[in-house]
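Asks: Quick one: sequence and predicted model below, then my questions.
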Amino acid sequence: MKKILAAFAILASAALIACGPSKLEIQEMSSSCDVSVEVGKVLDDTISLYVGNMFFLNAKQTVNEDLFPLSASIRDPMNIEVKGRTDVIASAADFIAYLRRSAPNAVNFGIVINEAANNEIGFDEAKTVNRLVEVFKTLEGGSVILFHEKDGQLTDAKKLF
């Protein structure tokens, strides 16, 4: 009886894994995002960085009760080491405006949870994702896709809305 239950559990697990998106589908979903917000540790910085169409949200800044005010700096993708001015993002509307600097018509957003984010003391993935989703829901007709990243590769994707 135990062998039958174990075999059934293995088959059920395999079926669930097979139902997830393939690597190609994950890449396509990622490329459909106008702007992505990657939550993780920002090395050598205590603020968040905006590079190209990628906003690197420092996980340290998400452990507060409220996401805002949020400190961020825009960096040149060709010379990321050069520090720019630090902006203070005070609200959800300011955050959307800030993200739209490089993609003025952005409505499709990705949230990438980097494996290093979980190393931040007090980081709560569900809470952080919910906060970001609430911000992005203010845009009519938009979409949000949640990704997880491990070793620099996107491992899964789930469309949130």
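Replies: Arrived safely. Keep in mind that this is a model prediction, so the values were computed, not measured.
Asks: Can you pull out the low-pLDDT segments for the protein?
Replies: Filtered on pLDDT under 70, the chain yields the residue ranges 1-19, 44-45.
Asks: do that again at 50, thanks
Replies: Confidence mapping of the chain against pLDDT under 50 gives the ranges 5, 9, 11-12, 14-16.
Asks: hey, where'd the strands end up in it?
Replies: All strands of the chain, identified by DSSP state E, fall at 35-40, 48-51, 54-58, 70-75, 86-89, 108-114, 143-150, 153-159.
Asks: For A97, give me its contacts.
Replies: With contacts taken as Cβ atoms under 8 Å, 6 or more residues apart in numbering, A97 has no neighbouring residues. All C-beta atoms are positioned from the backbone trio N, CA, C, and that covers glycine.
Asks: Also the one 4 residues further on?
Replies: By Cβ under 8 Å, 6+ apart, the residues touching R101 are 50, 74.
Asks: any idea how far it is from V35?
Replies: Taken as Cβ to Cβ, to the nearest Å, the spacing of R101 relative to V35 amounts to 10 Å.
Asks: Done for today, thanks.
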